[in-house]
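Student: let's see this in three dimensions:
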Amino acid sequence: MSLHYLYHHAVDDHNNCRHSPISFEENWATKHWPDRVFGFILAITEVNTKKIIEFFQNDCVPIPILHFRRQLAMELLKNDLDGVFSPLSSPSARFKKPKYAPSHELLKVPNFGGKYDGTGFAKVTTKWLQQSCGCGKCVRTYCKCNKEVILCVDCYAKHILVV
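Tutor: Predicted structure coming up:
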């Protein structure tokens, strides 16, 4: 009980810090419930981080919340957590697609097509004949590099990574 009475003001202090002077949750005017929960968790994390920094610094001068938010935003923008590249230094690196061999492409077996016999797909009476993939799924797709092997989407991804 003594701990309750000793620290019962902490929630009020956190809420005051979270809502003053500018509330993140109020400015992000969303009515979508998951976004509101995310905003609340983000704001609580921000306040907790600020309080932790103030607690472990030896000087007794508290950091203004707007100054802290500005520093936090800059650190998030300039982060180099993976050590590979900085998003601000090479923005095009974030949007480059992985390079695969140009001969790989997931294609569908043509209508009334069966197994590939070396010259083309054998004619069958079924319009959309499905064949078994290596994993057991029945599909109508194959890779452009080897028309004899039927591949589902999952096996095609493994095929590209192996080749």
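
Student: what's the span of stretch 27-40, first residue to last?
Tutor: Terminal residues of stretch 27-40 are spaced 12 Å apart (Cα to Cα, to the nearest Å).

Student: for stretch 48-64, that is, sorry about that
Tutor: One end of stretch 48-64 to the other measures 14 Å (Cα to Cα).

Student: and for it, what are the contacting residues?
Tutor: The contact list for stretch 48-64 (Cβ atoms under 8 Å, 6 or more residues apart in numbering) reads 14, 17, 65, 68, 72. Where C-beta positions appear, they are placed from N, C-alpha and C, glycine not excepted.

Student: hmm, 6 Å instead?
Tutor: Here stretch 48-64 makes contact (Cβ atoms under 6 Å, 6 or more residues apart in numbering) with residue 68.

Student: so what's the gap between that stretch and the chain middle?
Tutor: Relative to its chain's centre, stretch 48-64 lies at 31 Å (Cα atoms, centre = their mean, to the nearest Å).

Student: in the chain, which helix has the most residues?
Tutor: Counting residues, the longest helix found in the chain (DSSP state H) is helix 33-56.

Student: give the buried residues for that helix.
Tutor: Within helix 33-56, the residues scored as buried using 16 or more other Cβ atoms under 10 Å are 39, 43, 46, 47, 50, 51.

Student: in the helix or strand of the chain with the lowest mean pLDDT, what's buried?
Tutor: Sorted by mean pLDDT, DSSP states H and E, the helices and strands of the chain end with helix 24-27, the least confident at a mean of 71. With burial defined by 16+ other Cβ under 10 Å, the residues of helix 24-27 counted as buried are residue 25.

Student: what helices and strands are in contact with it?
Tutor: helix 33-56 (3 or more Cβ pairs under 6 Å, 6 or more residues apart in numbering; DSSP states H and E).

Student: what angle separates whichever helix or strand comes after the helix it packs on from helix 33-56?
Tutor: Note on helix 33-56: by DSSP states H and E, the next helix or strand toward the C-terminus is helix 65-77. Interaxial angle, helix 65-77 versus helix 33-56 (axes from the mean of the first three to the mean of the last three Cα atoms, to 10 degrees): 110 degrees.
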